[in-house]
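S.K.: mind folding the following:
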Amino acid sequence: MLEIGTKAPEFCLPNQDEVEICLRDLVGKWIVLYFYPKDNTPGCTTQACDFTEQQPDFDGLNAIILGVSADSPKKHQNFIAKQNLGITLLSDEDTAMMQEYGVWQLKKNYGKEYMGIVRSTYIINPQGEIAAAWDKVRVRVKRKKEGVPYEVVHVEEVRKQLAALQK
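M.R.: Residues are numbered from 1 along each chain as shown. Predicted coordinates for the structure are as follows:
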């Protein structure tokens, strides 16, 4: 993971429409940059739908939401159409950006080791610095407080942190 206060690594990646999106072009905006494993999988779909649902709140905080995976722009287009998403998805097929951001890591599943994307989120401030970071994100976590069950939604945590950073 990148440390808070460090400069965010530069990137230029194609979005779902094969339009190149570069960090340098977003200077002056808050950026919510989230990395996820794969389009059209349960957790990734929930996360993308949660960000889409709360996009007006992020717009009100002058923030752009960018999702990044190793899926192709064409797969992103299909994912957006199927789930009616309103966010921008970037394609890092060679994983170079994910490696720079520290989210391409060795993972274990059923005793097998492989390289993959660790679900992570960064908030980048208008000066291009890492302002907040979450790694090994769980999209929704069920908890109990005083015996009452409730759900912690990662996107809400990100929005609240973004609002706090802007005060």
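S.K.: in this structure, where is pLDDT below threshold?
M.R.: Scanning the chain for pLDDT under 70 picks out 149-150, 152.
S.K.: spatially central residue for it, please.
M.R.: residue 34 (1.0 Å; CA atoms, centre = their mean).
S.K.: my guess is that residue contacts residue 69. True?
M.R.: No - applying CB atoms under 8 Å, one finds residue 34 not in contact with residue 69, separated by 9.6 Å. Yep, even glycine has a C-beta here, placed from its N, CA and C like the rest.
S.K.: and the strands in this protein, which stretches?
M.R.: For the chain, the strands defined by DSSP state E cover 12-14, 20-22, 30-35, 63-69, 88-91, 104-109, 112-117, 120-124, 130-134, 140-145, 148-153.
S.K.: make JSON lines from the ones you listed and add distance to residue 57 to it.
M.R.: Output for those, formatted as JSON lines (distance: least, CB to CB, whole Å):
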{"stretch": "strand 12-14", "distance to residue 57": "25"}
{"stretch": "strand 20-22", "distance to residue 57": "21"}
{"stretch": "strand 30-35", "distance to residue 57": "11"}
{"stretch": "strand 63-69", "distance to residue 57": "9"}
{"stretch": "strand 88-91", "distance to residue 57": "16"}
{"stretch": "strand 104-109", "distance to residue 57": "30"}
{"stretch": "strand 112-117", "distance to residue 57": "26"}
{"stretch": "strand 120-124", "distance to residue 57": "14"}
{"stretch": "strand 130-134", "distance to residue 57": "16"}
{"stretch": "strand 140-145", "distance to residue 57": "17"}
{"stretch": "strand 148-153", "distance to residue 57": "12"}
